[in-house]
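[1] no sequence on this one, just coordinates:
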């Protein structure tokens, strides 16, 4: 829906509080101070120095990112140049020390060779109860070997 402005006779939206063509009230034709209305509606906030720098960065975000990447590149190039120069001046001019003088490479064992198992000394006395076992089932508890049977000597018969 639209209405006609009384002051300039343009058709405008009926919800408009002032005419976009002449700045008057569309119903009465009375000229309004548009600067006062705009300042009331769009109040400017107080901006400090740091806020203005952040606003500048937001407005020119691409340039700020490009500048940061460029500065990072120059820092990395400087570090590379520093390390290269330091390595050139710190390296000895003569030949290096052979590895054989640092360590004896001839007397090293073969780590890939399988190790042999140590021999077991198990004596079997004919009683399986006294023979040591190396297999333990879950929940098994160690039990001491049974006591040896008593040896009694019978008195000589007369």
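    Done, it's in. A quick note: this is a predicted structure, and the numbers were derived from the prediction, not measured.

[2] Can you check the pLDDT for residue 6?
    As predicted, residue 6 sits at a pLDDT of 88.

[3] For burial, what's the neighbour tally of it?
    Residues near residue 6, counting by other Cβ atoms under 10 Å, number 15. C-beta here means a position set from N, CA and C on the backbone, and glycine is covered the same way.

[4] same question, residue 130
    Per other Cβ under 10 Å, the neighbour tally for residue 130 reads 12.

[5] distance of the closest residue to it other than its chain neighbours from residue 124?
    Nearest non-adjacent residue to residue 130, counting by Cβ to Cβ, 6 or more residues apart in numbering: residue 145, 5.3 Å away. Using Cβ to Cβ, to the nearest Å, one gets 14 Å for the distance from residue 145 to residue 124.

[6] where exactly do the helices run in the protein?
    34-41, 49-59, 61-90, 99-102 (DSSP state H).

[7] Where among the ones you listed is average confidence lowest?
    Across the helices of the chain, the lowest-scoring stretch is helix 99-102, with a mean of 71.

[8] I'd guessed the residue nearest to residue 130 sits against residue 127; true?
    No. Applying Cβ atoms under 8 Å, one finds residue 145 not in contact with residue 127, separated by 9.1 Å.

[9] What about the nearest residue to residue 20 once chain neighbours are set aside, how many residues nearby?
    Closest residue to residue 20 apart from its sequence neighbours, by Cβ to Cβ, 6+ apart: residue 12 at 6.5 Å. Look at residue 12: counted by other Cβ under 10 Å, it has 17 neighbours.

[10] Looks like residue 12 contacts residue 25 (just checking).
    No. In this structure, residue 12 is not within contact of residue 25 by Cβ under 8 Å, at 11.2 Å.

[11] which neighbours do the two share?
    Listed as contacting both residue 12 and residue 25 by Cβ atoms under 8 Å, 6 or more residues apart in numbering are residue 19.

[12] tell me the domain ranges of this protein?
    Using automatic domain parsing, the domains assigned to the chain come out as 2-41, 56-88.

[13] Residue 149 is nearest to which of those?
    Of all those, domain 56-88 sits nearest to residue 149, with 82.9 Å by Cβ to Cβ.
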